[in-house]
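> okay, predicted coordinates and the sequence, questions at the end:
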Amino acid sequence: MDEKINLAHGDGGVDTQGLIRNLFYQYFDEPLSNSMPDSFVFEAGQHKLAFTTDSFVVKPLFFRGGNIGKLAVCGTINDLATAGARPLFLSAGFIIEEGFSMEKLHLIAKSMSDICQETGAKIVTGDTKVVERGNVDGLFINTSGIGIVSDNYHPQQAEPGDEIIITGGIGEHGTSILLARYDLGMETKLTSDCAPMSFLINGLGEHLKHVKLMKDPTRGGIATSLNEIAAEQALEVELNEKAIPVKSEVDAIGDILGIDPLYLASEGRMLIVAEKGWGEKMLHQIKALDYCGEAQIIGRFTSGHQGMVSMKTLIGGKRIVPILEGQMLPRIC
């Protein structure tokens, strides 16, 4: 029987990983390690560069705190930041549906320009295709980026005792998409956390030497990202539920729809693994940076069950936090 692609293959969880490992790795060069990095790092002369690409199909195109253009540029810049890289040059490819509003396209392009001006990135090449009405849901965008890796950043194997920092409240992008997509009858000021995280590279400065790795928790939320990290590092991640910053609106909407905020996407947050003993020092520095006032140390690595994520609950128990399986919230980025 011919197996078919389903929406869960695009949610960033176990089905997505299976698709990449079991299909694409058969035909493309498999990475040298078992990891799936957000950016590929390579040497060019005296410098290390990072390269990444991503496609954006968010629905709706405009949401609280952003739009598909802002999301595309921030997403690519943040993938470069996970490699310790400041953005240099981006490409932008547009697939536009016939009949799409020119006014909306102006707004989207301006939002992309605004983020580039904020971060110093430049969109230097691109492509535009227009397809017949009904063949695209308004607009799809692909962005690729090249950045220069900081001399201070040297990813390392995590060890027991290393601490995990989240740079702000979780799930605010995913929740904002829900609010824009469905009429939940809720009055709230909640907006997407969509923001560029490249300022972390300069902001942490020499403290980057004590960062073991970084990852932005997009599709599948922090639960899926931390499961990927735990599997790659062959260690257990132990979270502290009390320390995880979650806005009351995110909790409330998650309760209404039966969605755990741990699995909701964040598009302007970074998970940072800090060397044992350096978490508090870094946290103080991170909290002073833009978009990071709610940063917290949310867990640590242990030598317990390899590849597992567990969490100390508010009532003092312990539960396993599995990777996302099946479809949860399609078209969030």
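Arrived safely, thanks for sending.
> and stretch 38-57, how far out from the chain middle?
16 Å (C-alpha atoms, centre = their mean, to the nearest Å).
> run a quick neighbour tally on residue 99.
The local packing of residue 99 (other C-beta atoms under 10 Å) involves 10 other residues. Placement of C-beta: from N, CA and C, glycine included.
> is it in a helix, a strand, or coil?
coil (DSSP: H, G, I helix; E, B strand; the rest coil).
> I'd like to know how many residues surround the residue nearest to it when sequence neighbours are not counted.
Spatial nearest neighbour of residue 99, excluding adjacent residues (C-beta to C-beta, 6 or more residues apart in numbering): residue 133 at 5.2 Å. By other C-beta under 10 Å, 10 other residues sit near residue 133.
> now do residue 20
14.
> hmm, back to that, mind checking how far the residue nearest to residue 99 is from residue 100?
9 Å (C-beta to C-beta, to the nearest Å).
> pull the longest helix from this structure.
helix 102-119 (DSSP state H).
> now the very next helix or strand once past that helix: buried residues?
Of the helices and strands lying after helix 102-119 in sequence (DSSP states H and E), the nearest is strand 122-131. Within strand 122-131, the residues that count as buried by 16 or more other C-beta atoms under 10 Å are residue 123.
> mind listing what's buried in the helix or strand following strand 122-131?
Per DSSP H and E, strand 122-131 leads on to strand 139-149 as the next helix or strand towards the C-terminus. Residues 139-149 are the ones in strand 139-149 that count as buried (16+ other C-beta under 10 Å).
> packing partners of the next helix or strand after strand 139-149?
Downstream of strand 139-149, the first helix or strand assigned by DSSP H and E is strand 163-166. Secondary-structure packing of strand 163-166 (3 or more C-beta pairs under 8 Å, 6 or more residues apart in numbering; DSSP states H and E): strand 271-274, helix 279-287, strand 296-302.
> residues touching strand 163-166, excluding its own?
Strand 163-166 is contacted from outside by 217, 222, 226, 237, 239, 244-245, 269-274, 276, 278-279, 282-283, 286, 295-301, using C-beta atoms under 8 Å, 6 or more residues apart in numbering.
> CA-only coordinates of the longest helix of the chain, as CSV, when you get a sec.
Presented in CSV, the C-alpha positions along helix 102-119 are these (Å, rounded to 0.1, in the frame of the first residue of the first chain):
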residue,chain,number,x,y,z
MET,A,102,-1.3,44.4,-3.2
GLU,A,103,-1.9,46.4,0.0
LYS,A,104,-1.4,43.3,2.2
LEU,A,105,1.8,42.5,0.2
HIS,A,106,3.1,46.0,0.9
LEU,A,107,2.5,45.4,4.7
ILE,A,108,4.2,42.1,4.6
ALA,A,109,7.3,43.3,2.7
LYS,A,110,7.6,46.3,5.1
SER,A,111,7.5,44.1,8.1
MET,A,112,10.4,42.0,6.6
SER,A,113,12.3,45.2,6.0
ASP,A,114,11.7,46.4,9.5
ILE,A,115,13.3,43.3,11.0
CYS,A,116,16.2,43.5,8.7
GLN,A,117,16.9,47.1,9.7
GLU,A,118,16.6,46.1,13.4
THR,A,119,19.1,43.2,13.1
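> from the chain's centroid, how far away is it?
How far helix 102-119 lies from its chain's middle: 20 Å, per C-alpha atoms, centre = their mean.
> now stretch 173-192
19 Å.
> got a list of contacts for that stretch?
So stretch 173-192 is contacted by 58-60, 62-66, 172, 193-194, 221, 247, 249-250, 252-254, 256-257, 259, 261, 264-268, 329, 331-333 (C-beta under 8 Å, 6+ apart).
> hmm, back to that, identify whichever of the helices and strands packed on strand 163-166 lies nearest to residue 8.
Nearest to residue 8 among the helices and strands packed on strand 163-166 is strand 271-274 (22.9 Å), distances taken as C-beta to C-beta.
> for the closest one, packing partners?
Strand 271-274 packs on strand 163-166, strand 211-215, helix 221-233, helix 279-287, going by 3+ C-beta pairs under 8 Å, 6+ apart.
> what are the pairing partners of it, and which direction each?
With DSSP bridges as the test, strand 271-274 is paired with strand 163-166 (antiparallel), strand 211-215 (antiparallel).
> before we move on, back to that, is there a quick PyMOL command that grabs whichever of the contacts of stretch 173-192 are buried?
In PyMOL, this line selects whichever of the contacts of stretch 173-192 come out buried by 16+ other C-beta under 10 Å:
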select buried, resi 58+62+63+64+65+66+172+193+194+221+247+249+250+253+254+259+261+264+265+266+267+268+329+332+333
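> in helices, which of the contacts of stretch 173-192 fall?
172, 221, 249-250, 252-254, 256-257.
> possible to save these as a markdown table with distance to residue 322?
Shown next, in a markdown table, are the ones in helices among the contacts of stretch 173-192 (distance: C-beta to C-beta, whole Å):
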| residue | distance to residue 322 |
| --- | --- |
| 172 | 22 |
| 221 | 12 |
| 249 | 25 |
| 250 | 20 |
| 252 | 24 |
| 253 | 22 |
| 254 | 17 |
| 256 | 22 |
| 257 | 19 |
